[in-house]
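J.: Whatever this is, show me its structure:
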Amino acid sequence: MAYQQIDLTPRARQTLLAEAIASVEKELELPEAFPPEVLADAERAVAEQPLPPKDLTGVAFVTIDPPGSTDLDQAVQIERDGDGYTVRYAIADVPSFVAEGGPLDAETLRRGQTLYLPDRRIPLHPEIISERAGSLLPGRRRSAYVWTFALDAVGAVVATGLERAVVESREQLDYASAQAAIDAGGAPDTLQLLREVGLRRIALEHERGGASLRLPQQEVEVDDAGDYRLVARAPLPVEDWNAQISLLTGMEAARIMIEGGVGILRTMPAPDGHGERQFRLQASALGHEWRRDVHYGDFLRSLDVSDPRQMALMYAATSLFRGADYTPFDGEPPAETVQAAIAAPYAHTTAPLRRLVDRFVLVVCEHLGRGVPVPEGIRAALPLLPGAMRASNQISGRLERAAVDAVEAALLHGRVGERFEGVVVDGPTPEQAGKARNSGRPPSGTVQITEPSISARVEGHVEVGAAVTVELVRADIVEHTVLFRVVDGRS
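T.: The predicted model follows:
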């Protein structure tokens, strides 16, 4: 039966979209305002925050974040040291605001992480901490956990230090302005050296067999008039270089905790044989064979996401990055310590304003570095963190997908029956296709539409990487559902 829809005015469509996103918030039971006792606890912590005696305000730190960010977790400074480098990475001192066993401690365990909606965020910590006293805003004296890495000429770690200190960021940069300054050749030393160090760390990632997914980012934004829109962009090189500093920090944090016999790692198993075989077949079918002598990290870096077929392969590669989890330990390290995509032990430690587990990793590493016992309350909390993070990750993923789906439905509302050009980026496994046939349902997959830039479910004969003409069957804002049907496919 054909799907019917009512034509809406732009204002009615906007209202319906806002209501649909609000219904998702209610369905997911997202946290509301912080309870009064939590706000009081945060205000007390800010008023009484003990500043460390070490003063590093003379170090020219800068932050690099998405435009408009106010919850700034990290600041970086890099300088040459002979034929190597000294990298300093300041991380917001969130632990100094959270009293063990207090109202704020309990509330952050319940929330797990900051959640992002199209028009606002639901923060992990009250704004007095996350966007003011704890944020590494430019020109403000802030307490921070400062990692200092001595790197050799190829970017490998020679020595690592961690201490609490007072810092003051010089400048708040966004990715686009940082990239433009680097490309122009007149950027400050830290930015120019960020490129050097980033490229050297990428080369080391290649050597150890690490991998990175470079998928175009699709985000929902709301303009000043209250209109929702989808923005899709490919990541800039500076984002990769900056991420390498965060990865370096997480790898060193994992090493410190493993050697110290206590902590929590971010682990992920290697791709299983079935998933790898399936991905190799897809690569071959799309004319971009994955040779046996090429590691999957190098293969993924070779893909050009501006080519629809190779973009389809990058989407398919997500099947190789499954099973990530948090693994706490106290005593003997776990049998499996490696995060397979990074190809090394790794821990989350660079975003404590926005992610719960990072706060605990900072405290553990700092105590181990000083050679003093890790507080019993921190050790007791480690087994609770995986459950809290899994729950918040699931909510975050569902929220992000539902918001994107609702905006896509709004963009396509009133266009049922129209045809669009696209590329199939995901399809059913043979088992799934067989089940669909046996049940009388058409096979389905995911199609990436060229204009507007939308990915959605598609029914019909779908072959990953195939260029297709599809017809819009459904665009339901309330149910945040978009459905296409293949009307013509060509390889």
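J.: From now on I want contacts and neighbour counts done on CA atoms only, so please keep to that.
T.: OK.
J.: Can you give me the domain boundaries for this structure?
T.: As assigned by automatic domain parsing, the chain contains the domains 11-269+323-407, 270-322, 415-490.
J.: want to throw those domains into TSV with mean neighbour count?
T.: Output for the domains of the chain, formatted as TSV (neighbours: other Cα atoms under 10 Å):
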stretch	mean neighbour count
domain 11-269+323-407	18
domain 270-322	16
domain 415-490	19
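J.: Mean pLDDT lowest where, among those?
T.: When the domains of the chain are compared by mean pLDDT, domain 270-322 comes last with a mean of 79.
J.: centre of the chain versus that domain, how much separation?
T.: Between the centre of domain 270-322 and the centre of its chain there are 21 Å (Cα atoms, centre = their mean, to the nearest Å).
J.: first to last residue in it, what's the distance?
T.: In domain 270-322, first residue to last residue: 9 Å (Cα to Cα, to the nearest Å).
J.: likewise stretch 439-454?
T.: End-to-end distance of stretch 439-454 (Cα to Cα): 28 Å.
J.: got it, and stretch 330-348?
T.: For stretch 330-348, the first-to-last residue distance is 17 Å (Cα to Cα).
J.: from now on call the first residue 411
T.: Shifting the count to begin at 411 puts that one at stretch 740-758.
J.: Which residue ranges of the stretch 461-610 of the chain form helices?
T.: Taking DSSP state H, counting those that start in this stretch as the criterion, the stretch 461-610 of the chain carries its helices at 513-521, 537, 585-594, 599-618.
J.: Select, out of the ones you listed, the one closest to residue 647.
T.: Proximity to residue 647 (Cα to Cα) singles out helix 585-594 among the helices of the stretch 461-610 of the chain, at 7.5 Å.
J.: Which other helices and strands does the closest one contact?
T.: Packing partners of helix 585-594 (3 or more Cα pairs under 8 Å, 6 or more residues apart in numbering; DSSP states H and E): strand 472-475, helix 599-618, helix 647-670.
J.: For residue 686, which non-adjacent residue is spatially closest?
T.: Nearest non-adjacent residue to residue 686, counting by Cα to Cα, 6 or more residues apart in numbering: residue 730, 6.9 Å away.
J.: Settle this for me: that neighbour is touching residue 687, isn't it.
T.: No: contact criterion Cα atoms under 8 Å: residue 730 and residue 687 do not qualify, at 10.4 Å.
J.: Find the residues that touch each one of those two.
T.: Common contacts of residue 730 and residue 687 (Cα atoms under 8 Å, 6 or more residues apart in numbering): none found.
J.: Show the contacting residues for residue 672.
T.: Contacts of residue 672 (Cα under 8 Å, 6+ apart): 738-743, 774, 789.
J.: so it bridges to which residues?
T.: Counting by DSSP bridges, residue 672 is bridged to residue 740.
J.: Could you check how far it is from residue 663?
T.: 11 Å.
J.: Then residue 427?
T.: Counting by Cα to Cα, the gap between residue 427 and residue 663 amounts to 43 Å.
J.: do the same with residue 859
T.: Taken as Cα to Cα, the span from residue 859 to residue 663 is 42 Å.
J.: Now do the same contact list for residue 506.
T.: Under the criterion of Cα under 8 Å, 6+ apart, the neighbours of residue 506 are 455, 459-460.
J.: now, which of these lie within helices?
T.: residue 455 (DSSP state H).
J.: could the contacts of residue 506 go into TSV alongside distance to residue 543?
T.: Listed next are those as TSV, based on distance: Cα to Cα, whole Å:
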residue	distance to residue 543
455	10
459	9
460	12
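J.: Tell me the one among the contacts of residue 506 nearest to residue 515.
T.: Nearest to residue 515 among the contacts of residue 506, with distances taken as Cα to Cα, is residue 455, at 11.5 Å.
J.: you'd agree the closest one is up against residue 508?
T.: Yes: judged on Cα under 8 Å, residue 455 makes contact with residue 508 at a distance of 7.1 Å.
J.: Check the gap between the residue nearest to residue 480 when sequence neighbours are not counted and residue 668 for me.
T.: Among residues not flanking residue 480 along the chain, residue 541 sits closest, at 5.2 Å (Cα to Cα, 6+ apart). Separation of residue 541 from residue 668 (Cα to Cα) stands at 33 Å.
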